[in-house]
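Enquirer: build the 3D model from these lines:
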Amino acid sequence: MKTLFIVLPLVLTLAACQPGSDSDKQAAPKQVVPNENPIDDQVSGPKASSEASVTVSVDRDSEPSAITVRITKDNSSFGIESVERLDVITGYSVNVPVSGVDVVDHVNSPRSDLRPWHYKYIIQTNRGQLVKEVRVLKDWVLAETARISDFKIESNRIEVRFLVLKEGAVLITEGRDLQIDAAELRSGSIAHIQTFSDKDLELSNTVKVPGQGGGRLILNLKYATGVVKIQMRGHRGSRGEKGVDATQERPAQAAAGTAGEYFAGFPRGPDYDGERPSCSKHPTDGQRGTNGVAGADGFNGFQGGSSGSLYLTLQSARFFDYEVVFVPGEGGEGGEGGKGQPGGLGGQAGASAPLCRKAKAGADGANGAVGSKGQQGSVGTLGEFCLTMGDKGTSCITRDQFSGGVK
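Expert: Alright, predicted model coming up:
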């Protein structure tokens with residue numbers, strides 16, 4: 001089904017949709033909306049004449065990613081020699097075939113490109129040059145799970161005519177600061193907008209940083225209908241780093257015990273009793289080994305990510321319900337403590353001697369203690385929810401759950 005938009009000799013832009021219209025069942029009416037920054041038609045050259053003027057109109061094709069632009073002469077007193085279409089966003093230009101009275105330009109763009117159709121048509125006539133600017137907003141229809149990185153957008157802003165979230169549709173913002181401006185939001189039974197998917201949040205965050213936050217989500221809607229659930233959640237913080245291990249090189253071995261000494265005595269004779277052999281000095285035990293140094297304490301876990309904040313503006317709504325949940329990310333676990341240093345070896349026993357008691361080797365030193373585990377990181381901050389309804393002003397509040405709607 002085609003919808004005709006007619007542009008005055010200034011600049012064509014997308015007309016605002018009628019609140020409550022059903023784009024699936026009813027064609028939008030013809031509308032003429034001046035560009036926000038109109039560029040006057042220009043006629044230049046030695047043959048310039050005020051009679052050289054054209055009308056530019058746009059037909060929306062049944063395919064959402066295609067439009068047809070028609071350039072029609074307002075009178076037959078001049079001829080169109082060439083038309084160049086310049087893409088204002090990319091800077092890419094193409095020549096449009098000129099045949100017959102009207103110039104017809106069929107324009108297609110990928111479904112993943114949400115940027116508006118924004119072109120300058122440079123029209124060379126036999127009486128000079130005309131410049132027309134065309135800017136038309138696209139429709140964005142989601143029927144399944146989609147990530148914002150799957151689409152081409154202008155900076156962090158998406159400007160569309162209709163945002164249609166069919167039943168089961170899930171839009172994942174990936175925690176980006178994002179602004180969505182739509183003339184109309186229409187959702188199915190239940191549609192979801194989430195900062196992160198469950199799988200995103202389950203994945204271990206190995207990067208040594210705080211958890212990623214949900215960002216700022218701004219929804220500016222002229223009209224809304226349906227049911228939308230919005231989940232603003234932050235990532236869990238990274239686990240703290242492990243404490244530094246103490247050196248694993250043992251301390252120097254403890255001193256050895258002293259050796260024992262033996263006295264041989266004097267031999268006995270018939271007239272002399274003599275002295276018996278004996279231990280003159282017992283050997284000593286080896287010294288106890290040095291205790292190892294304790295390992296360093298683990299580092300504290302990183303803070304969880306902020307839930308992010310939501311700013312919802314509704315000019316009007318009908319049978320519209322919303323539910324918003326804010327869940328900050330949990331703090332990361334504390335890092336494990338570092339290993340302690342092995343204890344030093346005990347000193348060797350002093351050498352034994354005859355008739356002396358045996359000495360003992362010194363005990364090894366105790367291993368150094370493992371460092372203490374770091375503390376768990378703090379929970380992320382709770383974002384705010386700001387709601388603007390028509391001309392009733394804006395109210396902001398910080399809480400973990402909200403629900404509301406318009407009947």
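
Enquirer: and the next element down the chain from the helix or strand encompassing Ala317?
Expert: According to DSSP states H and E, Ala317 maps onto strand 309-327. Where DSSP H and E defines the elements, the next helix or strand beyond strand 309-327 is strand 385-389.

Enquirer: show residues contacting that following strand.
Expert: 309-314, 324, 326, 394-399, 402, 404, 406 (CB atoms under 8 Å, 6 or more residues apart in numbering). (Glycine included, C-beta is placed from N, CA and C.)

Enquirer: now the end-to-end length of stretch 72-83.
Expert: One end of stretch 72-83 sits 12 Å from the other (CA to CA, to the nearest Å).

Enquirer: any idea how far Gly340 is from Thr90?
Expert: 62 Å (CB to CB, to the nearest Å).

Enquirer: over to Gly332?
Expert: For Gly332 relative to Thr90 (CB to CB), the value is 42 Å.

Enquirer: neighbour count: those two, which is higher?
Expert: Gly332 (27 against 9; other CB atoms under 10 Å).

Enquirer: what's the burial count for Asn291?
Expert: 18.

Enquirer: so where's the stretch 201-350 of the chain shaky on pLDDT?
Expert: 204, 267-273 (pLDDT under 70).

Enquirer: just the helices in it please.
Expert: For the stretch 201-350 of the chain, helices defined by DSSP state H, counting those that start in this stretch do not occur.

Enquirer: what are the ranges of the strands in it?
Expert: Under the criterion DSSP state E, counting those that start in this stretch, the stretch 201-350 of the chain contains strands at 216-233, 261-263, 278-281, 309-327.

Enquirer: reformat those as CSV; add distance to Gly128 and mean neighbour count.
Expert: Below are the strands of the stretch 201-350 of the chain laid out as CSV (distance: least, CB to CB, whole Å; neighbours: other CB atoms under 10 Å):
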stretch, distance to Gly128, mean neighbour count
strand 216-233, 39, 22
strand 261-263, 124, 15
strand 278-281, 123, 14
strand 309-327, 43, 19
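
Enquirer: would you reformat those strands as JSON lines and include distance to Thr173?
Expert: As requested, the strands of the stretch 201-350 of the chain are arranged in JSON lines below (distance: least, CB to CB, whole Å):
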{"stretch": "strand 216-233", "distance to Thr173": "6"}
{"stretch": "strand 261-263", "distance to Thr173": "86"}
{"stretch": "strand 278-281", "distance to Thr173": "85"}
{"stretch": "strand 309-327", "distance to Thr173": "10"}
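
Enquirer: closest one to Ser372 among the ones you listed?
Expert: Each of those has some distance to Ser372 by CB to CB; the shortest is strand 309-327, at 30.0 Å.

Enquirer: for the closest residue in space to Gly340 that isn't next to it in sequence, give me its contacts.
Expert: Distance criterion CB to CB, 6 or more residues apart in numbering; nearest residue to Gly340, sequence neighbours excluded, is Gly368 at 2.6 Å. Neighbouring residues of Gly368 by CB under 8 Å, 6+ apart: Ala246, Asn291, Gly292, Val293, Ala294, Gly295, Lys339, Gly340, Gln341, Pro342, Gly343.

Enquirer: could you rerun that using 10 Å?
Expert: 245-248, 291-295, 338-343 (CB atoms under 10 Å, 6 or more residues apart in numbering).

Enquirer: how many neighbours does the nearest residue to Val141 once chain neighbours are set aside have?
Expert: Computed as CB to CB, 6+ apart, the closest residue to Val141 that is not its neighbour in sequence is Val164, at 4.4 Å. By other CB under 10 Å, 22 other residues sit near Val164.

Enquirer: so in that sheet, which strands flank the helix or strand where Tyr121 lies, and in what orientation?
Expert: Secondary structure from DSSP H and E places Tyr121 in strand 117-125. Strands that pair with strand 117-125, judged by DSSP bridges, come out as strand 80-87 (antiparallel), strand 128-136 (antiparallel).
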